[in-house]
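Novice: Take this sequence and fold it.
(chains A and B)
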Amino acid sequence: MKKIIILLVITTMLFSCKTETKKEAIENVTKTEEVIETPQLAIGEFDIKAGKYINKEVQLKGIVDHVCKHGGKKLFLVTDDGDAHVFSDERFEEALKGSEIIVNGIVEEERIDEAYLLKLEEDNIKSHSEGKSNKEQFDSRKKYIQQYRDKMKTDSVDHISNYSLKYVSHKELK
Amino acid sequence: MKMKILRKWSRILHRDIGYFFIGTTLIYAISGIALNHMSDWNPNYSVTIKNFNTDLNLKNSTNVKKNILILLDKVDSRKNYKKHYYPNNNKLKIFLKGGSSIVVNVNKGFGTAEYLRKRPLIFETNYLHYNPNRIWTWFSDAFAVALILFAITSFFMVKGKKGITGRGGIYTALGFLIPILFLIFFM
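Specialist: Numbers count the residues shown, from 1 in each chain, chains lettered A, B, ... in the order given. Alright, predicted model coming up:
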């Protein structure tokens, strides 16, 4: 009987030690996770550095200039040095206008190349011929397309990348 | 006999659930009109523009906030200050509480204040129309189910030439025809 009790005590101690080790291991994992921080980019350097972070999460800090009034799912973030667009699947609160926030989001790239511009041009002509856009809108769109072509020619590149952020979360700064 | 019971219950459900959802119908109808014309007006706020001139030095510097607050005392109130930034070297944009904002040309000294005021009732109906949270999603789903029920019960409510086999049927057919024609010609 005495032997059984001693054996039970030893087994209990062993299990409790094992659990402690597990707990420590879990704590270590949690600590490791906490150390991984989302890189924060300055809005002024967003267009330059965003290419390195495509499909990765980054943070941007800025003032909300406005929330798109049509749908409310687009937010324009600004600082003295630049601006960035943040898109979301959910609506942003309009009250965010003028607030300084830190946004976490996934970097997305929109690639503008000759094929893209040809499609834009085709849509512009179609829309105007069907009476969906007036002369002023047609000319403005045409000018916008030409600006991209001129920029690609000046920079000697075959495409221009427009970067934006797909919203994940935000924190308002007081 | 069965038809009589069906007619009776159609009337009861149409009437009583209809009463219950009068408020919700008005919410979606009012905000629906307001949001349908979003490109013609701001459905949530009425906008007032006020132009002004200032001699204050508002160029970008570390202590410019002091002058911004003095400017706000003149054109609004310093209590409403929220944030400011410079979109370019000439322009200062000041954000005020409540969504209003002020833009100043810091070189020439002229500015424009854009004051926003919530449109009473319409602002609130628009807020609900945009489905603000999960509880409202469930409630608006219940409203949508009620609308389907209204459509179904209307088939059986009235008998005779004013019912679905008479004039009611013609109106119903027209109601289907308009969206179908729209899809044919515009889609």
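Novice: how many other residues sit next to the nearest residue to residue A:163 once chain neighbours are set aside?
Specialist: Nearest non-adjacent residue to residue A:163, counting by CB to CB, 6 or more residues apart in numbering or on different chains: residue A:50, 3.7 Å away. (C-beta placed from N, C-alpha, C; glycine too.) By the measure other CB atoms under 10 Å in any protein chain shown, the count of residues near residue A:50 is 22.
Novice: low-scoring stretches of chain B, by residue?
Specialist: B:1 (pLDDT under 70).
Novice: residue closest to the middle of it?
Specialist: residue B:126 (3.0 Å; CA atoms, centre = their mean).
Novice: In three-state terms, label residue B:164 for me.
Specialist: When classified by DSSP: H, G, I helix; E, B strand; the rest coil, residue B:164 comes out as coil.
Novice: about what we covered before: got a pLDDT number for the residue nearest to residue A:163?
Specialist: Note for residue A:50: predicted pLDDT of 93.
Novice: Helix, strand, or coil at it?
Specialist: Residue A:50 - assigned by three-state DSSP - is helix.
Novice: ok and the residue in chain B nearest chain A?
Specialist: Residue of chain B nearest chain A, by CB to the nearest CB: residue B:95 (2.7 Å).
Novice: and residue A:85, how many neighbours?
Specialist: Neighbour tally, residue A:85, other CB under 10 Å: 16.
Novice: no no, residue A:41
Specialist: 21.
Novice: Now residue B:163. Its backbone dihedrals?
Specialist: Dihedral pair for residue B:163: phi -90, psi -160, per degrees, to the nearest 10.
Novice: Now for it, how many residues are close by?
Specialist: 16.
Novice: Enumerate every residue touching it.
Specialist: Applying CB atoms under 8 Å, 6 or more residues apart in numbering or on different chains to residue B:163 gives the contacts B:157, B:169.
Novice: where does it sit relative to residue B:149, distance-wise?
Specialist: Noted for residue B:163: a distance of 18 Å to residue B:149, by CB to CB, to the nearest Å.
Novice: what's the answer for residue B:7, then?
Specialist: Distance from residue B:7 to residue B:149, by CB to CB: 15 Å.
Novice: Same check on residue B:8?
Specialist: 15 Å.
Novice: quick one, which of the two is more surrounded?
Specialist: Comparing residue B:8 with residue B:149 by neighbour count (other CB under 10 Å), the higher total belongs to residue B:149, at 16 against 12.
Novice: which residue does chain A bring closest to chain B?
Specialist: Across chain A, the shortest distance to chain B (CB to the nearest CB) belongs to residue A:98, at 2.7 Å.
Novice: Is it correct that that residue is in contact with residue B:93?
Specialist: No: using CB atoms under 8 Å, residue A:98 is not in contact with residue B:93, being 9.1 Å away.
Novice: you'd agree residue A:117 is up against residue A:148?
Specialist: Yes: counting by CB under 8 Å, residue A:117 touches residue A:148, with 5.8 Å between them.
Novice: In the longest helix along chain B, which residues are buried?
Specialist: In chain B, assigned by DSSP state H, the helix with the most residues is helix B:134-157. For helix B:134-157, a neighbour-count test (16 or more other CB atoms under 10 Å in any protein chain shown) marks B:140, B:143, B:146, B:149, B:150, B:153, B:154, B:155, B:156, B:157 as buried.
Novice: circling back: nearest spatial neighbour of the residue nearest to the centre of chain B, skipping sequence neighbours?
Specialist: Using CB to CB, 6+ apart and skipping the chain neighbours, the partner closest in space to residue B:126 is residue B:31 (4.7 Å).
Novice: Quick one: residues in contact with the helix or strand harbouring that neighbour.
Specialist: Per DSSP states H and E, residue B:31 falls inside helix B:22-36. Helix B:22-36 is touched from outside by B:43, B:119, B:121, B:122, B:125, B:126, B:128, B:129, B:139, B:140, B:143, with contacts defined as CB under 8 Å, 6+ apart.
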